[in-house]
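after the sequence you'll find the predicted model.
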Amino acid sequence: MPQMMLALSLAATGAALPRHAHAQASAITGSQVTTATVETIDSGSGEVLLRDRTGGFITVRVPKDVHNLPHVQPGDQIHIRFFQTIAADIAAPGSPPPQSTVTSAHGLANRHPHGMMVSYQRERVRVLAVDAPHNVVTFVDPGGITRTVTVKEKPIQALLATLKVGDSVDVTTADAVSFEVMNRVVTPSTTVTEGAGQTAGTAPPAHP
C-alpha cells in the first residue's frame with residue numbers, strides 16, 4: 001500500500017539530517033528463501049499468491065510488462081528466493097519524476113524452469129503536513145490521493161523530522177525474486193532471454 005510504502009521507506013540513521021543535506025534513506029523490508037505452492041494468479045493485477053511450508057502467505061507482484069518469465073499455474077511447487085528493499089529520496093526541485101523499471105530472465109536450473117525478476121517501482125509523493133512531535137506525515141500520492149501515516153520506527157522518525165511542507169519525496173520499492181518450478185522438468189534446449197533495465201510500461205524488445 002502507498003502509505004506503508006512511504007512509512008517503511010523513510011528509514012534513516014539515528015541522527016537527524018541537517019535541512020541542507022540531501023536526505024535519503026533505505027531499509028530492507030523482506031528477505032526469504034522457501035518452498036511454496038502457487039495458490040492463485042490474478043492476471044489483472046499481476047499478483048501471485050504463494051503459500052509457504054508453514055502455511056503463511058507471500059504475495060509477489062509481476063509487472064504486466066514482463067512476458068519472459070516461466071509460466072506458473074495454481075498448484076505448482078516452487079523454490080523461491082525473495083528480497084525487498086524500500087528507499088526514499090527527497091527530490092531536487094525541478095527534477096524529472098522517477099521511472100519504474102524491470103529486468104527479467106528465464107532459463108533452466110537442473111532442467112527445472114527457472115526465472116528471475118528485479119523490479120523497481122518508483123513514485124513521487126508530495127508532503128502536505130508534518131507533525132514531527134507526534135510522528136505523523138500527510139502526503140499526496142501520484143494519483144492525487146491524500147494519505148496520513150503515523151510513523152512508529154525511531155530511525156524513520158529521525159528522517160521525518162527533516163521533512164517540510166512542499167517537499168517531494170521519491171519512493172522506490174525494489175523486489176528481487178528468483179524461483180524454480182520444482183514439479184516440472186523440460187528439455188535443456190531452452191535458452192535464457194533477458195530484458196535488462198527496461199522501463200516499465202513499455203513493450204519488451206523483440207527476439208528473433
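Great, that's in hand.

tell me which strands the helix or strand hosting Asp170 pairs with, and in which orientation.
Assigned by DSSP states H and E, Asp170 belongs to strand 168-181. Strand 168-181 sits in its sheet next to strand 77-90 (antiparallel), strand 112-131 (antiparallel), going by DSSP bridges.

what is the rounded mean pLDDT of it?
On average, the pLDDT along strand 168-181 is 90.

all helices of this protein, in order?
For the chain, the helices defined by DSSP state H cover 2-9, 154-160.

comparing these by mean pLDDT, which bottoms out?
Going by mean pLDDT, the lowest-scoring of those is helix 2-9, which has a mean of 38.

check the offset of stretch 117-127 from the chain's centre.
Averaged C-alpha coordinates place stretch 117-127 at 8 Å from its chain's average position (Cα atoms, centre = their mean, to the nearest Å).

only alpha carbons, please: show that stretch as CSV.
Listed next in CSV are the C-alpha coordinates belonging to stretch 117-127 (Å, rounded to 0.1, in the frame of the first residue of the first chain):
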residue,chain,number,x,y,z
MET,A,117,13.0,-10.6,-11.9
VAL,A,118,14.2,-7.4,-10.4
SER,A,119,11.5,-4.7,-10.3
TYR,A,120,12.0,-1.1,-9.2
GLN,A,121,8.6,0.6,-8.6
ARG,A,122,9.2,4.3,-8.3
GLU,A,123,6.7,7.1,-7.5
ARG,A,124,6.9,10.7,-6.3
VAL,A,125,4.8,11.9,-3.4
ARG,A,126,4.4,15.5,-2.1
VAL,A,127,4.4,16.3,1.6
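
contacts for that stretch?
Residues outside stretch 117-127 that contact it (Cβ atoms under 8 Å, 6 or more residues apart in numbering) are 2, 5-6, 61-63, 66, 69, 91, 97-105, 137-142, 163-177, 200. For glycine as for every other residue, the C-beta is placed from the backbone atoms N, C-alpha and C.

for that stretch, which positions count as buried?
Using 16 or more other Cβ atoms under 10 Å as the test for burial, stretch 117-127 gives Met117, Val118, Ser119, Tyr120, Gln121, Arg122, Glu123, Arg124, Val125, Val127.

make a markdown table from these and add distance to Thr54 to it.
Formatted as a markdown table, those follow (distance: Cβ to Cβ, whole Å):
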| residue | distance to Thr54 |
| --- | --- |
| Met117 | 24 |
| Val118 | 26 |
| Ser119 | 25 |
| Tyr120 | 29 |
| Gln121 | 27 |
| Arg122 | 32 |
| Glu123 | 32 |
| Arg124 | 37 |
| Val125 | 35 |
| Val127 | 39 |
